[in-house]
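**Student:** The following block contains a protein sequence and its predicted model.
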Amino acid sequence: MTDHVTIIAEAGVNHNGRMDLALALIDAAAEAGADLVKFQTFRADHLARASAPKAAYQNRQIGEATTQHAMLKAL
């Protein structure tokens, strides 16, 4: 009997809501030898209040114009 380890690549929300980027992540995972790719789904309303501020690193990356909730909703 041959043992097989299933490799699952974690894509999370790194697709930024874009289908073309999600498909590119799948291609990259396949090229790296992954068997599966895991994406995350969530509801922004369950994670943050409408007025919740973003973390400092998030503000540095995407600016201070939006709230944590708005950023999560876009994902």
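**Tutor:** Cool, the structure landed.
**Student:** do you know how far Leu47 is from Gly33?
**Tutor:** As judged by CB to CB, to the nearest Å, Leu47 and Gly33 stand 32 Å apart. C-betas here are computed from N, CA, C, even on glycine.
**Student:** Neighbour count: the two, which is higher?
**Tutor:** Leu47 (12 against 8; other CB atoms under 10 Å).
**Student:** residue contacts, the residue nearest to the more buried one when sequence neighbours are not counted?
**Tutor:** Excluding its sequence neighbours, the residue lying closest to Leu47 (CB to CB, 6 or more residues apart in numbering) is Leu72, at 5.6 Å. When the contact criterion is CB atoms under 8 Å, 6 or more residues apart in numbering, the partners of Leu72 are Phe42, Ala44, Leu47, Ala48.
**Student:** any idea how the protein splits into domains?
**Tutor:** 1-41, 43-75 (automatic domain parsing).
**Student:** mean pLDDT for those: which is lowest?
**Tutor:** Lowest mean pLDDT within the domains of the chain: domain 43-75, a mean of 85.
**Student:** now that domain: how far from the chain's centre is it?
**Tutor:** Relative to its parent chain, domain 43-75 has a centroid offset of 14 Å by CA atoms, centre = their mean, to the nearest Å.
**Student:** where do the strands sit along this protein?
**Tutor:** 8-12, 36-39 (DSSP state E).
**Student:** Neighbouring strands of the first one in the sheet, and parallel or not?
**Tutor:** Strands that pair with strand 8-12, judged by DSSP bridges, come out as strand 36-39 (parallel).
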